[in-house]
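Peer 1: predicted model and sequence below, questions to follow.
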Amino acid sequence: MDVPRTLRELRHRAGLTQAGLAEAIGVAQPTISHVERGGTTTTDVLLRWVEACGASLTVLQDGDTVTVIKDLKVKEVSAMYSLVIS
């Protein structure tokens with residue numbers, strides 16, 4: 001899964017600009033840009049991002065839902081788990 005591309009497409013489908021999403025989830029606009037270009041962020045930001053776009057996030061490991069560790073970086077999550085954004 002290409003997490004940055006998926007997050008960008010999710011933001012677009014929600015009709016949000018980078019600045020609008022940043023305001024909605026309490027981060028700076030450069031943070032949104034950084035993540036959409038493949039940078040890392042916390043799973044807390046990832047969860048708020050998905051929720052602000054009206055979607056949900058499920059993290060799976062070997063087919064079982066697991067608890068997200070708040071400070072785990074997105075790249076680490078995507079390397080260890082399958083992210084299901086719906």
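Peer 2: Alright, I've got the coordinates.
Peer 1: what does the model give A55 for pLDDT?
Peer 2: We note a pLDDT of 82 for A55 in this prediction.
Peer 1: then V77?
Peer 2: 51.
Peer 1: same thing with I25?
Peer 2: So I25 comes in at 96 (pLDDT).
Peer 1: spatially nearest residue to H34 (excluding sequence neighbours)?
Peer 2: T41 (7.4 Å; CB to CB, 6 or more residues apart in numbering). Every C-beta, even on glycine, is put in place using the N, C-alpha and C of the backbone.
Peer 1: hmm, I was thinking of R13
Peer 2: Counting by CB to CB, 6+ apart, the residue nearest R13 is C53, at 7.0 Å.
Peer 1: and that neighbour, how close does it get to R37?
Peer 2: Going from C53 to R37 by CB to CB, to the nearest Å gives 18 Å.
Peer 1: again, but for D44
Peer 2: Taking CB to CB, one finds D44 at 20 Å from R37.
Peer 1: those two: who's more crowded?
Peer 2: Set side by side, D44 and R37 show more neighbours around D44, with 13 against 9, by other CB atoms under 10 Å.
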